[in-house]
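Peer 1: sequence first, then the predicted structure, then my questions.
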Amino acid sequence: MPSQGGTGTEAAARVADVLLLFTGGPEYLGVSTISRQLGISKAVVYRILQSLVSRDVLATTPGVTGYRLGPAAVALGASALRRFDAKTAAAPVLRRLRDETGETTTLSGLVGDERVYLEQFDSRAEIKMTVDIGTRFPLHAGSSGKAILAQLPQWRREEILEGGLGALTDRTVTDPATLREQLDAIGADGVAVSLGERQSGAGSVAAALVTPDGEVHGAISVCGPEYRFTPEKIERYRELVREATTEIIRNWTNGPAAGGHRG
């Protein structure tokens, strides 16, 4: 378990927090905006920004106020996408899963201590659920987040639980002790279920994507209107989601060609 204290860890966390703001916000961010959103002084923000600019992680544009992602960040992103080729591996599986269940299927990626929807295959039903691609969500709310959280190392899970559990709906689990029990059960079962925990009126069944080396990369889910998620369907979706994650990981770890031969 790495050290969780000390100024070095705090400084690294601040740099990471600054960079993560650029993943879900406007293209350009200024010192004041970053300072206000992160609750750290403008002087500290300025020093972080200058350090990142010197390494081409961030950049400025003449005549434009603020900072944007630089060429080094673009290179890192491209590298991450090559490594996280789960979209390619998952696409045929999630498309088939959508057809088998009649519900929307999704792929989420783990980003810091949050998750982001990367892909979805919409249900063909007239009444259906859709998700916001690229929007970050906390890990404690909803089946995809809890499926990921249940597979994280214990120390990291505890950091998230102790960091505060905000309510997204009146069914979001915000008590750490209750959530710990749920996560233990999810970890043992491999599948998480949510009924209105992240979005009111929505049901979902999800499982984490964990590579053979034990690294947690994200999750897949089946999601739709809560009233269609009967106990019988939830049990069926549990098995289908388990099988889908196994196939996606096999496609992914066998290389891009493997994903193209399935589904």
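Peer 2: Nice, thanks for sending it over. Numbers count the residues shown, from 1 in each chain.
Peer 1: Ala147 touches Ala185, doesn't it?
Peer 2: No: with contacts counted by C-beta atoms under 8 Å, Ala147 stays clear of Ala185, the gap being 11.5 Å. (Glycine included, C-beta is placed from N, CA and C.)
Peer 1: so which of these two has more stuff around it?
Peer 2: Higher neighbour count among Ala147 and Ala185: Ala147, with 35 against 12, using other C-beta atoms under 10 Å.
Peer 1: where does the prediction get shaky in the stretch 51-200 of the chain?
Peer 2: Along the stretch 51-200 of the chain, segments meeting pLDDT under 70 span 75, 77-84.
Peer 1: quick one: the helices in it?
Peer 2: 71-83, 86-101, 143-151, 154-162, 176-189 (DSSP state H, counting those that start in this stretch).
Peer 1: how about those helices, which one is nearest Val205?
Peer 2: helix 143-151 (5.9 Å; C-beta to C-beta).
Peer 1: which strands and helices lie in contact with that closest one?
Peer 2: Secondary-structure packing of helix 143-151 (3 or more C-beta pairs under 8 Å, 6 or more residues apart in numbering; DSSP states H and E): strand 104-111, strand 114-121, helix 154-162, helix 176-189, strand 192-195, strand 202-210, strand 216-225.
Peer 1: okay, those in TSV with distance to Leu38 next?
Peer 2: What follows is those, written out as TSV (distance: least, C-beta to C-beta, whole Å):
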stretch	distance to Leu38
strand 104-111	16
strand 114-121	15
helix 154-162	17
helix 176-189	24
strand 192-195	29
strand 202-210	28
strand 216-225	25
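Peer 1: thinking Leu107 is in contact with His217, fair?
Peer 2: No: the pair Leu107 / His217 is not scored as a contact, 9.9 Å apart, by C-beta under 8 Å.
Peer 1: hey, what's in contact with both of these two?
Peer 2: Shared contacts of Leu107 and His217, defined by C-beta atoms under 8 Å, 6 or more residues apart in numbering, comprise Ala86.
Peer 1: more neighbours: which of the two?
Peer 2: Between Leu107 and His217, counted using other C-beta under 10 Å, the more crowded position is Leu107 (28 against 19).
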